[in-house]
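Enquirer: Task: produce atomic coordinates for the following.
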Amino acid sequence: MLAIAAGYRTAETGGRSPITRSHSRPVIPLRDRLQADLSPALRTRDQVRVRALRSTLAAIANAEAVDAGESVPGSGLWSNEVERRLLDEGAVAAIVVAERDRLRSLAEEMAAVGQHDEATSLTAQAAVLDEHLDGVGGHTGS
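Expert: All right, here's what the predicted structure looks like:
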């Protein structure tokens, strides 16, 4: 976990090298920040934050999945394992933006049919994603 906080992706987080800016301060990748925010949300039972983060992390994981047709049948344990796609920061940000926009759209639909509590929850979930998008690749909370 310390390696993630320092901006490094270890073997358990994808084996990627550190991501840094010109001033040599490590930048924590968006996916890692989303994942790191999930544990405290679970501990504090913040259901809005948990829902937003889990659905977004699932969308990212789905985008990393490879087509099962790409694997070659083999025999033995783990013989059909294939590497997951590695998404760059821009692709991850695009997924988070799409998820945020989906939540906003659903909130509008719920409000239109009188489901104001659900609309409020969905809007709050979109706001959680806005927090993570602030300053990422030109994405803003709008």
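
Enquirer: Looking at the protein, which helix is longest?
Expert: Secondary structure of the chain per DSSP state H: the longest helix is helix 89-112.

Enquirer: tell me the angle the helix or strand following that one makes with helix 89-112.
Expert: Once helix 89-112 ends, the next helix or strand along the chain (criterion: DSSP states H and E) is helix 116-133. For helix 116-133 against helix 89-112, the angle by axes from the mean of the first three to the mean of the last three C-alpha atoms, to 10 degrees is 160 degrees.

Enquirer: Extract the residue ranges of the chain that are flagged as low pLDDT.
Expert: The model of the chain has pLDDT under 70 over residues 1-25, 68-81, 135-142.

Enquirer: phi, psi of the nearest residue to Arg85 once chain neighbours are set aside?
Expert: Leaving aside its sequence neighbours, Arg85 sits nearest to Glu64 (C-beta to C-beta, 6 or more residues apart in numbering; 4.8 Å). (Glycine included, C-beta is placed from N, CA and C.) Main-chain torsions, Glu64, degrees, to the nearest 10: phi -80, psi -20.

Enquirer: Just the buried residues of the longest helix of the chain, please?
Expert: Using 16 or more other C-beta atoms under 10 Å as the burial criterion, the residues of helix 89-112 that qualify are 91-93, 95-97, 99-100, 102-104, 106-107, 110.

Enquirer: about what we covered before: can I assume the residue nearest to Arg85 is in contact with Leu87?
Expert: Yes - assessed by C-beta atoms under 8 Å, Glu64 is found in contact with Leu87 at 6.0 Å.

Enquirer: Can you name the residues that contact Val66?
Expert: Contact partners of Val66, counting by C-beta atoms under 8 Å, 6 or more residues apart in numbering, are 82-85.

Enquirer: Check for me that it belongs to a helix.
Expert: No - read with DSSP: H, G, I helix; E, B strand; the rest coil, Val66 is coil and lies in no helix.

Enquirer: And it, how far from Arg85?
Expert: Using C-beta to C-beta, to the nearest Å, Val66 is found at 6 Å from Arg85.

Enquirer: and the closest residue to Ala98 other than its chain neighbours, what element?
Expert: In space, and not counting its chain neighbours, Ala98 is closest to Ala59: 7.5 Å by C-beta to C-beta, 6+ apart. Assigned by DSSP H and E, Ala59 belongs to helix 47-64.
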